[in-house]
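1. need a 3D model of the sequence below.
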Amino acid sequence: MSKITILPEILCNQIAAGEVVERPAAVVKELIENAIDAQSLKISVSLSQGGRKEILVIDNGCGMQPDDALLALERHATSKLRSAEDLLAVSTLGFRGEALPSIASVSRFELITREQESLSGTHIRVEGGVLKDVREKGCPPGTQVCVRDLFYNVPARRKFLRTVETELAYITDQFMRISMAHPEIHLQLHSQERLQCDYLKTSGRLQRAGQVLGSETAKKLSPVDFEKYGLRVEGFVAPPDIQRTNSQHLFLFVNNRPVWDRLLQRAVLSAYEALIPRGKFPVALLFVEVTPSQVDVNVHPTKREIRFRNPGEVIETVREAVLGTLGIIRPRTYTSFSGNPFAQQALPREQSHIGMLRETQASFDFRRPPFRQGAADFTPEPGRLSFESYVAPVGESDSREDDQSPAFTFSSLPLIGQLANAFILLEAPDGLILIDQHAAHERILFNDLSSKSSAGAAQLLTRPVIVDLLPKEAVLLDKWRPNLVELGFEIEPFSGCSFAVKTVPGVLSDFRPEDILRDFLKFAEEECPVSESGFLSGLAKVASCHAAVRAGRRLKAEEIKSLLASLDASHTPFTCPHGRPLWFKLSYEQIYRFFKRT
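-> Numbers count the residues shown, from 1 in each chain. Sure thing, here's the model as predicted:
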């Protein structure tokens with residue numbers, strides 16, 4: 001018997017589906033791209049259970065005749081390519097001819113389509129890759145695709161789908177990015193019969209950015225218009241003081257195709273590198289136009305990755321475009337945009353406050369503050385002192401921590417002072433105690449927030465704070481809003497994906513609620529806290545990091561004493577909420593040994 005066989009067509013389609021259709025968001029992306037290529041002016045997406053149960057996409061595009069509709073469900077059938085040369089100059093979003101047959105092979109699939117000039121349309125029904133029915137049907141011009149029970153016949157794939165909220169978040173992210181590139185199209189997204197996003201047709205990209213990112217963010221964007229090496233870079237960038245905790249607010253497009261390209265991200269981040277702190281990311285919306293033959297969009301089955309023929313030129317052009325708009329260098333070509341209050345001509349480097357900030361930062365190392373002794377600065381030689389830690393290892397039980405509790409209270413020890421405005425120095429009976437003031441305050445706030453009764457009464461803000469979120473973030477905030485309300489947050493929908501924060505927990509009344517909420521949503525997406533305890537833990541970690549006393553702040557003696565008393569009352573005064581040690585002791589024995597004394 002032969003060991004090598006040809007796989008059945010249905011199995012081939014299911015394998016292809018695993019490459020093209022990773023999750024419901026991939027289905028939505030492929031169907032919207034087909035609708036855009038069909039010259040639609042309105043596209044509506046409706047979801048049930050985050051796309052797991054049903055995805056319905058309706059457009060008013062050109063539609064298909066019966067023969068083309070049937071042929072479109074065959075693998076590698078496409079209207080976009082005719083020869084190998086066409087593959088080198090792809091100008092449409094879809095071109096592989098794999099999406100529809102792949103989707104139909106792992107779902108209960110229906111296609112209803114009608115050309116503009118036809119009197120009736122075509123209705124095709126497929127289940128698990130098997131054609132079940134074809135008939136004539138009355139319908140409006142355009143195409144309607146309904147995908148039900150995704151991966152119903154591939155349980156191994158279905159079990160890897162995430163929660164409804166998570167899958168909906170992925171879909172809204174895809175929807176938003178595609179919408180950014182097509183302000184000329186009216187796009188709607190419904191979930192469980194509720195309107196999630198409604199992006200009306202606009203006259204330009206700035207107006208669409210306002211719909212997606214929120215009007216407050218859009219007002220602060222500065223226009224980018226730059227050309228070099230035959231590459232054109234257009235779009236908008238935010239000033240350095242608008243910062244995010246992840247790179248999801250970098251919206252990058254190549255020939256109007258949303259891409260996740262590390263090369264382009266690196267070019268943008270390098271322009272901001274001296275303007276924002278490490279770990280923070282800017283807000284940017286950039287469209288790179290390049291001759292189709294200079295970019296390969298056929299690298300990945302989902303078409304989200306690309307390859308440039310001359311990557312060095314691309315990095316240089318994008319970086320110069322952003323630097324010029326930020327005012328650090330004067331670009332060769334810069335077009336002002338009077339419709340935006342933040343638009344202005346780029347200043348020469350010597351006149352730019354951003355340029356001066358960049359030079360200042362380049363000449364000073366913020367990463368390691370100098371230790372101080374009297375009036376002289378010095379940096380300890382690495383490896384010369386061995387600090388013996390008395391902190392219980394991270395992850396061990398509370399009983400282990402109790403066994404190693406110090407035989408004294410921190411507040412009872414004589415205070416020596418502060419070291420580098422970052423560490424509190426105490427004199428212990430048998431050595432020197434060093435306390436990380438930021439980590440200690442984090443632990444105190446974490447314990448307070450983890451106990452609802454300790455979070456304090458809700459504090460009414462002087463005026464509501466409007467927080468503009470991405471659709472993906474708005475979905476997560478909706479999920480956790482009831483829990484936030486219990487802690488003392490009062491958060492109400494404002495418009496679109498914007499929310500108004502009216503109250504905050506008392507212990508957080510002095511801090512920016514928008515920063516805390518954004519960081520918590522990042523944690524919620526990455527860590528997925530599904531239980532109430534997980535929610536409290538995540539919020540407490542994020543909030544305590546924002547609210548805690550920062551390293552580098554000079555504390556008064558009264559502030560230090562209050563901090564030490566609160567630390568004494570903590571159940572776990574060993575590590576910060578992130579697991580880092582917050583104190584350790586340098587014993588007299590170590591000190592004597594270092595100085596070679598007995």
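2. could you use CA atoms for every contact and neighbour count after this?
-> OK.
3. closest to the centroid, which residue in this protein?
-> Residue closest to the average C-alpha location in the chain (CA atoms, centre = their mean): residue 248, at 3.3 Å.
4. ok, now how distant is it from residue 564?
-> 39 Å (CA to CA, to the nearest Å).
5. residue 503 versus residue 466, what's the distance?
-> In terms of CA to CA, residue 466 sits 12 Å off from residue 503.
6. how is this structure divided into domains?
-> 9-201, 206-359, 399-598 (automatic domain parsing).
7. next, format the ones you listed as a markdown table and append mean pLDDT.
-> Below are those laid out as a markdown table (pLDDT from 0 to 100):
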| stretch | mean pLDDT |
| --- | --- |
| domain 9-201 | 86 |
| domain 206-359 | 76 |
| domain 399-598 | 80 |
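8. find the nearest non-adjacent residue to residue 225, please.
-> residue 234 (4.6 Å; CA to CA, 6 or more residues apart in numbering).
9. sorry, back to before: quick one: which of residue 466 and residue 503 has more around it?
-> Neighbour tally, residue 466 and residue 503, criterion other CA atoms under 10 Å: the higher count belongs to residue 503, 23 against 20.
10. burial check on the residue nearest to residue 246 when sequence neighbours are not counted, number of neighbours?
-> Of all residues not flanking residue 246 in the chain, residue 281 sits nearest, at 5.8 Å (CA to CA, 6+ apart). When counting by other CA under 10 Å, one arrives at 22 neighbours for residue 281.
11. could you do residue 478 as well?
-> 14.
12. mind checking the SS state of it?
-> helix (DSSP: H, G, I helix; E, B strand; the rest coil).
13. what residues of stretch 487-503 count as buried?
-> 487-491, 496-503 (16 or more other CA atoms under 10 Å).
14. and the longest strand for this protein?
-> strand 458-468 (DSSP state E).
15. so how far is residue 29 from residue 36?
-> Taken as CA to CA, the span from residue 36 to residue 29 is 11 Å.
16. please say which of these two ends up with more neighbours.
-> Neighbour count, other CA under 10 Å: between residue 36 and residue 29, residue 36 has more, with 22 against 19.
17. do a quick rundown of the helices in the stretch 1-150 of the chain.
-> 9-20, 24-37, 66-71, 84-87, 99-105 (DSSP state H, counting those that start in this stretch).
18. hang on, I meant the stretch 351-500 of the chain
-> Under DSSP H, counting those that start in this stretch, the stretch 351-500 of the chain gives helices at 353-362, 398-403, 437-450, 471-487.
19. so which elements touch the longest one?
-> With contacts defined as 3 or more CA pairs under 8 Å, 6 or more residues apart in numbering; DSSP states H and E, the packing partners of helix 471-487 are helix 164-180, strand 490-495, helix 513-527.
20. assumed residue 579 was part of a strand.
-> No. Assigned with three-state DSSP, residue 579 falls outside any strand and is coil.
21. please point out which parts of stretch 55-70 sit buried.
-> 55-66, 69-70.
22. need those in JSON lines with distance to residue 507, can you?
-> What follows is the buried residues of stretch 55-70, written out as JSON lines (distance: CA to CA, whole Å):
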{"residue": "55", "distance to residue 507": "43"}
{"residue": "56", "distance to residue 507": "45"}
{"residue": "57", "distance to residue 507": "46"}
{"residue": "58", "distance to residue 507": "48"}
{"residue": "59", "distance to residue 507": "50"}
{"residue": "60", "distance to residue 507": "53"}
{"residue": "61", "distance to residue 507": "54"}
{"residue": "62", "distance to residue 507": "58"}
{"residue": "63", "distance to residue 507": "58"}
{"residue": "64", "distance to residue 507": "61"}
{"residue": "65", "distance to residue 507": "64"}
{"residue": "66", "distance to residue 507": "65"}
{"residue": "69", "distance to residue 507": "61"}
{"residue": "70", "distance to residue 507": "63"}
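23. going by distance to residue 288, which of those residues wins?
-> When those are ranked by distance to residue 288 (CA to CA), residue 61 comes first, at 26.3 Å.
24. what sits against that closest one?
-> 35, 36, 38, 39, 40, 41, 141, 142, 143 (CA atoms under 8 Å, 6 or more residues apart in numbering).
25. beta-bridge partners for the residue nearest to residue 246, please?
-> Beta bridges link residue 281 to residue 244, judged by DSSP bridges.
26. show me what contacts it?
-> If you count contacts by CA under 8 Å, 6+ apart, then residue 281 has 243, 244, 245, 246, 247, 249, 269 around it.
27. over to residue 503?
-> 458, 459, 460, 461, 464, 488, 489, 490, 491.
28. partners of it in the sheet?
-> Bridge pairing for residue 503 - DSSP bridges - gives residue 460, residue 490.
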